[in-house]
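# okay, here's the prediction I keep looking at, along with the sequence it came from:
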Amino acid sequence: MKTIYIVRHAKSSWDLTELPDEMRPLMEKGKKRTKRVIDFFHKNNINVDYIITSHAVRAHETAKMLAYGLKYPFEDIKVDRQVYYADGDSILDQFYDLPARFNSIMIVGHNPTLTDLANRFLKNPIENLPTSGVVSITFSTDKWEEVPSASRKTNFILIPKELPE
């Protein structure tokens, strides 16, 4: 079994309009919602074997918060520019070469790509993966390259603003 956690970055600031999109930092509201996600992960004994993130500041900061909360080493986070630029199809390339020993991975990135990725595997598509939102899907396979064609089960769709504070 392989599990993917598809995570949209936390809410970011638009205050500094002179910053390039890739440099926008997180808002405090985004950090608070991500802490709720971490609390949910703790309550449900969720851990990950591998984290991949976009290089954009808001995604990388979100990935580091999640890593800290999950006791995942910062230095093992894979920062990949392709996550920022990817579409739903090309983001799957991130999985194909992963070692079989990784049973659960987390990808932290951006919309519309992550909503598209989630909808490839969901029976009931979502309109939008909100900031700090998470879609968790488990696949009936032991090989990452078989994920696109494997049978699957949606574990949860997590909307942070609906979680208790």
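Noted; the coordinates are in hand. Numbers count the residues shown, from 1 in each chain.

# report the buried residues of the helix or strand of the chain with the lowest mean pLDDT.
One helix or strand of the chain scores below all others by mean pLDDT, DSSP states H and E: helix 93-96, with a mean of 81. Under the neighbour-count criterion of 16 or more other CB atoms under 10 Å, helix 93-96 has 94-95 buried. Glycine gets a C-beta too; all of them are placed from N, C-alpha and C.

# kindly report the same for stretch 93-107.
Within stretch 93-107, the residues that count as buried by 16+ other CB under 10 Å are 94-95, 98, 103-107.

# looking at the residues you listed, which is nearest Tyr72?
Met106 (8.5 Å; CB to CB).

# still on that earlier bit, who's in contact with the least confident helix or strand of the chain?
Helix 93-96 has contacts (CB atoms under 8 Å, 6 or more residues apart in numbering) with 4, 52, 80, 82-83, 86, 105, 107, 144-145, 147.

# one step back: out of the buried residues of stretch 93-107, list just those in helices.
Secondary structure from DSSP state H places 94-95 of those in helices.

# export the buried residues of stretch 93-107 to a markdown table and tack on distance to Ala67?
Output for the buried residues of stretch 93-107, formatted as a markdown table (distance: CB to CB, whole Å):
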| residue | distance to Ala67 |
| --- | --- |
| Gln94 | 17 |
| Phe95 | 19 |
| Leu98 | 17 |
| Asn103 | 17 |
| Ser104 | 13 |
| Ile105 | 13 |
| Met106 | 9 |
| Ile107 | 13 |
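
# narrow the contacts of helix 93-96 to those that are buried.
With burial judged by 16+ other CB under 10 Å, the buried subset of the contacts of helix 93-96 is 4, 52, 80, 83, 86, 105, 107, 144, 147.
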